[in-house]
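Chemist: based on what follows, work out the 3D shape:
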Amino acid sequence: TVKQTVEAYAEWDDKLADVMKTTNMTKEEAKDLNSELSKMDTRTSQLELLNLARIAGKLGIEGKENIMGFVRAADQIAVALAEDLGGDVEEATRQVGKLVDIFKITDDFTLEEAMLKIGSAMNSLGAAGTANEAYILEFSKRLAGVAPTAGIAIDKVLGLGATLDELGQSSEIAGTAMVQVIGNMFKDTALYASMAGMELKEFSDLVNTDANEA
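Modeler: Just a heads-up that it's a prediction; the model follows:
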């Protein structure tokens with residue numbers, strides 16, 4: 001029993017050190033965070049919660065409250081979508097956190113609310129049809145480099161991903177094609193206006209005001 005206790009403490013101490021390294025917290029601050037995590041109403045182990053805190057630090061999230069918000073949201077996403085996201089909860093959580101940052105969702109919501117909104121949207125899209133949540137996340141990640149610049153919001157990207165999955169397109173091919181379409185739509189607007197059956201000015205105005213509709 002003593003040996004198991006010592007080993008468990010060593011594992012916990014290693015996790016705490018990982019949290020300190022990625023979040024720039026002092027040991028006392030990390031212990032305070034650990035204390036708050038222990039109060040969470042969840043079946044997730046303390047070590048797994050600390051690992052989520054480590055991921056928050058790697059994403060550049062700072063401050064106890066922000067890290068706590070990330071962990072609470074990540075824990076709920078893991079519980080609701082773990083199986084649908086292929087079992088790699090750590091990677092899926094990291095990608096959701098990156099989407100929140102890239103699409104600037106925290107301009108309107110707290111970090112916790114933003115992550116839960118993306119998780120809830122993916123869950124709803126998966127339940128509404130045959131689209132797979134892991135596909136939607138992977139597709140959204142591929143479009144994250146161009147969609148925000150074009151003014152296409154995250155909800156539109158998630159919906160587009162669900163549609164293309166239901167149409168049987170691979171996330172890699174669909175993502176590459178849509179990145180090219182969005183970019184070329186701005187560079188060769190006349191060609192795309194012709195394909196859309198619209199006047200150049202009308203389509204150009206649409207591109208600049210609602211790229212998703214275009």
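Chemist: extract the residue ranges of the protein that are flagged as low pLDDT.
Modeler: 9, 82-88 (pLDDT under 70).
Chemist: what helix or strand is the residue most central in space within it located in?
Modeler: With the centre of the chain defined as its mean C-alpha position, the nearest residue by CA atoms, centre = their mean is Val96, 1.1 Å away. When secondary structure is defined using DSSP states H and E, the element that contains Val96 is helix 89-102.
Chemist: that helix: how far from the chain's middle?
Modeler: The chain centroid and the centroid of helix 89-102 are separated by 3 Å under CA atoms, centre = their mean, to the nearest Å.
Chemist: name the helices or strands packed onto that helix?
Modeler: For helix 89-102, the elements it packs on are helix 46-58, helix 64-81, helix 111-128, helix 133-143, judged by 3 or more CB pairs under 8 Å, 6 or more residues apart in numbering; DSSP states H and E. The way it works is simple: take the backbone N, C-alpha and C, and place the C-beta from them, glycine included.
Chemist: which one of the ones you listed lies closest to Glu28?
Modeler: Shortest distance between Glu28 and the helices and strands packed on helix 89-102, using CB to CB, is found for helix 64-81: 11.5 Å.
Chemist: related to what we said a few turns ago, which of the helices and strands packed on helix 89-102 is buried the deepest?
Modeler: Greatest average neighbour count among those goes to helix 133-143 (a mean of 24), per mean count of other CB atoms under 10 Å.
Chemist: what is the burial count for Glu213?
Modeler: Each residue near Glu213 was counted by other CB atoms under 10 Å, and the total is 9.
Chemist: now it, what's its secondary structure?
Modeler: Per DSSP: H, G, I helix; E, B strand; the rest coil, the secondary structure class of Glu213 is coil.
Chemist: how close does it get to Ile105?
Modeler: Noted for Glu213: a distance of 21 Å to Ile105, by CB to CB, to the nearest Å.
Chemist: list the helices and strands the helix or strand that contains Leu16 packs on?
Modeler: Counting by DSSP H and E, the element that carries Leu16 is helix 2-23. Where contact means 3+ CB pairs under 8 Å, 6+ apart, helix 2-23 is packed against helix 27-37, helix 46-58.
Chemist: identify the residues contacting that helix?
Modeler: Outside helix 2-23, the residues within contact range by CB atoms under 8 Å, 6 or more residues apart in numbering are 25-27, 30-31, 33-34, 46-47, 50-51, 53-58, 61-62, 67.
Chemist: what comes up buried for it?
Modeler: By 16 or more other CB atoms under 10 Å, the buried positions in helix 2-23 come out as 15-16, 18-20, 22-23.
Chemist: with stretch 177-187 instead?
Modeler: For stretch 177-187, a neighbour-count test (16+ other CB under 10 Å) marks 178-179, 182, 185-186 as buried.
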